[in-house]
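Colleague: Just to be clear, the model below is a prediction. Sequence and coordinates:
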Amino acid sequence: MQKPNQRLKGQTCIVTGSSSGIGKAVAIAIGKEGANVIINYHSSKEEAEEVAHEISECKLSGDSIVVKADVSKEDEVKKIFKAGINKFGTIDICVPNAGMQQDAALHEMTLDQWNAVININLTGQFLACREAIKEFMRRGMRPEVSKSLGKIIHMSSVHEIIPWAGHANYAASKGGIEMLMKTICQEYAPKKVRCNSIAPGAIKTDINKDVWETKEGREQMKKVIPYNKIGEPEDIGSVAAWLASDESEYINGATIFVDGGMTCYPGFTNNG
């Protein structure tokens, strides 16, 4: 990861689902750039507090708080924002990251499995974005800290464009995120809101640990990655910190794929 240079000093960021995995890496990367961070967790307060501790260990970091909330519930998302605003005064950056999988063949998938994934992965992002935009517009421009009114960084997936058999609910939620992000850009860019997505490929997190923790599994995963390397959560964190900064000020309505080339469809290397 690039050495922090306080590109986000004086700003405050909410990262949903940030007690572990990609969310944790994003929270730490943004915190080390000088931002205050609201670390959201659903079940593990201990893990969330460990993230806060890691942020505090960097001398250049901002402050942090941890907030328990289920992002699929409107009142609990509002609670995250209320806690952040009460503590830090406003919110400048929102990273709707919380996500989950409940996999099944489509003909065997239950409505509960479908709803659980859509509610967290897509509805949860809508709720976070809505509250963020409300706060950006209430507060107004802060040119002393950012050229943008506010920044939203959706956490999507390569599966917003790559179909994924056995994971219809997950792929549909990520495809929905792409259109949500682009529509927010179209609607709010004139007000100087920046809204983009990061689409990770195969990243070493607990959600796919059963695959990458074995040599056979790692080799199988690398077959779909031209760069021949499985990503690390920090690869996503560094991109998120950059997207939140004024260095990327003219990027809006874009998905940045951080996937080692997975979306280049390596299966077609030899004409398919």
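Modeller: Nice, thanks for sending it over.
Colleague: ok, the closest residue to residue 173 other than its chain neighbours - contacts?
Modeller: Distances taken as Cβ to Cβ, 6 or more residues apart in numbering put residue 121 closest to residue 173, at 3.6 Å, once the chain neighbours are dropped. All C-beta spots, glycine's among them, are computed from the backbone N, C-alpha and C. Neighbour list for residue 121: 98, 99, 100, 170, 173, 174, 177 [criterion: Cβ atoms under 8 Å, 6 or more residues apart in numbering].
Colleague: ditto for residue 8
Modeller: Neighbour list for residue 8: 30, 33, 34, 35, 62, 92, 93, 241, 244, 245 [criterion: Cβ under 8 Å, 6+ apart].
Colleague: Secondary structure of the third one: a strand, I assume?
Modeller: Yep, that's residue 34 we're talking about. No: secondary structure assignment (DSSP: H, G, I helix; E, B strand; the rest coil) places residue 34 in coil, not in a strand.
Colleague: can I assume it is in contact with residue 13?
Modeller: No: using Cβ atoms under 8 Å, residue 34 is not in contact with residue 13; the gap is 10.4 Å.
Colleague: So for these two, which residue has more residues nearby?
Modeller: residue 13 (30 against 19; other Cβ atoms under 10 Å).
Colleague: Could you grab the helix/strand/coil label for that one?
Modeller: From three-state DSSP, the assignment for residue 13 is strand.
Colleague: got the contact list for it?
Modeller: With Cβ under 8 Å, 6+ apart, residue 13 has these contacts: 27, 30-31, 35-38, 91-95, 244.
Colleague: what's the answer for residue 61, then?
Modeller: 4, 31, 32, 34, 55 are the contacts of residue 61 under Cβ under 8 Å, 6+ apart.
Colleague: Let's see if you can find the most crowded of those residues.
Modeller: residue 31 (30 neighbours).
Colleague: Please determine how far the residue lying closest to it once chain neighbours are set aside is located from residue 90.
Modeller: Closest residue in space to residue 31, ignoring its immediate chain neighbours: residue 55 at 3.6 Å, by Cβ to Cβ, 6+ apart. Separation of residue 55 from residue 90 (Cβ to Cβ, to the nearest Å): 19 Å.
Colleague: which stretches of the stretch 51-200 of the chain form helices?
Modeller: For the stretch 51-200 of the chain, the helices defined by DSSP state H, counting those that start in this stretch occupy 74-88, 111-118, 124-139, 168-188.
Colleague: Distance to residue 211 for the ones you listed - can I get that in JSON lines?
Modeller: What follows is the helices of the stretch 51-200 of the chain, written out as JSON lines (distance: least, Cβ to Cβ, whole Å):
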{"stretch": "helix 74-88", "distance to residue 211": "31"}
{"stretch": "helix 111-118", "distance to residue 211": "19"}
{"stretch": "helix 124-139", "distance to residue 211": "25"}
{"stretch": "helix 168-188", "distance to residue 211": "15"}
